[in-house]
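> what follows is a predicted structure for the sequence shown.
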Amino acid sequence: MPEPGDAPRRSPQGVPYTELRHIVNADGLHLFCRYWEPESPPRALVFIAHGAGEHSGPYEEIAQRLKEMSLLVFAHDHVGHGQSEGDRMNIRDFQVYIRDSLQHIDLMKSKHPDLPIFIVGHSMGGAISILTACERPGEFAGVVLIAPMVQMNPESATPFKIFVAKLLNHMLPSLTLGSIESKWVSRDQKQVEAYDADELNYHGRLRVSFGMQLMGAAERIERAIPSISWPFLLLHGDADKLCDIRGSKMMYENTASSDKKLKIYEGGYHALHHDLPEVAESVLKEVTSWITERLPAAKTAQQQGL
């Protein structure tokens with residue numbers, strides 16, 4: 001607890017957290033939160049996990065669509081991202097992302113104990129979503145994965161490159177490599193420009209240590225895939241150069257789940273929800289319909305022929 005007279009904790013942008021909705025994680029770091037609460041009683045909870053280098057703000061449109069279906073949507077900026085505290089795009093252990101997600105989910109569950117819970121994750125947020133659901137396989141009504149990071153690109157993650165990366169991580173963990181190339185985010189140039197202009201996005205270079213954490217997460221997912229039995233929807237563009245579509249295909253083909261769907265968007269880039277307008281609209285419809293079809297009320301209505 002801060003001592004009397006201490007200056008309030010501020011976000012990386014200088015805004016006091018007393019003015020921002022937030023949670024405090026187990027490491028004492030403040031995580032900026034967003035909530036989209038429907039006017040009518042909520043039918044379900046939906047947690048959104050954003051991707052690497054971005055923040056929860058760009059999920060406004062998805063969240064609003066779900067809110068219109070009387071779903072209570074919530075998200076936070078991961079540690080080191082957006083308006084949350086923490087070293088920018090650096091994490092000591094990928095598990096911190098999963099731990100923080102479960103903390104936020106548990107908080108919302110305590111307020112709405114009888115509601116089903118869904119997760120929506122994009123890119124690295126997809127990896128977070130998969131591992132979060134794997135920690136509590138019976139807890140979630142479904143998981144939506146938009147261009148998730150399931151495995152590393154085999155062409156870029158060759159055995160030799162992995163060996164070099166491990167060596168560099170041991171000797172020079174703070175060494176920076178390449179950055180996220182925004183041109184591969186979307187085929188819509190306006191969306192690319194918006195991504196580049198967003199000051200809450202991270203536009204710097206990635207550290208070797210961060211890359212190793214991503215690699216470790218992908219290895220965990222690969223080991224977990226055969227035991228996955230929870231419902232999931234996979235959406236991926238076949239021209240995605242940031243998260244390899246082969247990972248989504250592998251997940252779809254090798255999980256034990258009996259309720260799973262994979263939809264591939266021909267020519268689609270990485271951020272399908274911000275791709276060409278017709279693709280983005282299709283993604284919004286897929287996400288909202290898939291979730292609402294799995295709500296108890298929706299199933300009852302179908303059974304009654306309404």
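Now that the structure is in, tell me what you want to look at.
> buried stuff in the strand or helix carrying W290?
In this assignment (DSSP states H and E), W290 forms part of helix 277-292. Under the neighbour-count criterion of 16 or more other Cβ atoms under 10 Å, helix 277-292 has 279-280, 282-284, 286-288, 290-292 buried. For glycine as for every other residue, the C-beta is placed from the backbone atoms N, C-alpha and C.
> and which of these is nearest to A141?
For the buried residues of helix 277-292, the residue nearest A141 by Cβ to Cβ is I291; the value is 8.2 Å.
> and the closest residue in space to the closest one that isn't next to it in sequence, how many neighbours?
Once flanking residues are discounted, I291 sits nearest to F118: 5.4 Å by Cβ to Cβ, 6 or more residues apart in numbering. Other residues lying near F118 total 27 when counted by other Cβ atoms under 10 Å.
> show me the shaky parts of the stretch 151-300 of the chain.
The stretch 151-300 of the chain contains residues with pLDDT under 70 at 152-178, 297-300.
> let's see it at 90
Within the stretch 151-300 of the chain, the stretches with pLDDT under 90 are 151-180, 205-209, 211-212, 296-300.
> would you map the strands across it?
176-179, 205-207, 232-237, 260-265 (DSSP state E, counting those that start in this stretch).
> the second one pairs with which strands?
Which is strand 205-207. With DSSP bridges as the test, strand 205-207 is paired with strand 176-179 (antiparallel).
> turn the buried residues of helix 277-292 into CSV, columns for distance to F140.
Converted to CSV, the buried residues of helix 277-292 look like this (distance: Cβ to Cβ, whole Å):
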residue, distance to F140
V279, 26
A280, 25
S282, 24
V283, 20
L284, 21
E286, 18
V287, 15
T288, 17
W290, 13
I291, 11
T292, 16
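> wait, a strand at V46?
Yes: counting by DSSP: H, G, I helix; E, B strand; the rest coil, V46 is part of a strand.
> ok, for D27, nearest residue in space, not its chain neighbours?
Using Cβ to Cβ, 6+ apart, the closest residue to D27 is V96 (7.4 Å).
> report the buried residues of the helix or strand harbouring that neighbour.
Secondary structure from DSSP H and E places V96 in helix 95-111. Within helix 95-111, the residues scored as buried using 16+ other Cβ under 10 Å are 96-102, 104-105, 108.
> before we move on, back to that, right, so the strands of the stretch 151-300 of the chain: which one is the most enclosed?
Greatest average neighbour count among these goes to strand 232-237 (a mean of 25), per mean count of other Cβ atoms under 10 Å.
> helices and strands around it, which ones?
Here strand 232-237 touches strand 142-146, helix 245-254, strand 260-265, helix 277-292, going by 3 or more Cβ pairs under 8 Å, 6 or more residues apart in numbering; DSSP states H and E.
> contacts for it?
The contact list for strand 232-237 (Cβ atoms under 8 Å, 6 or more residues apart in numbering) reads 142-148, 243, 245, 248, 251-252, 255, 257, 259-270, 272, 275, 279, 283, 286-287, 290.
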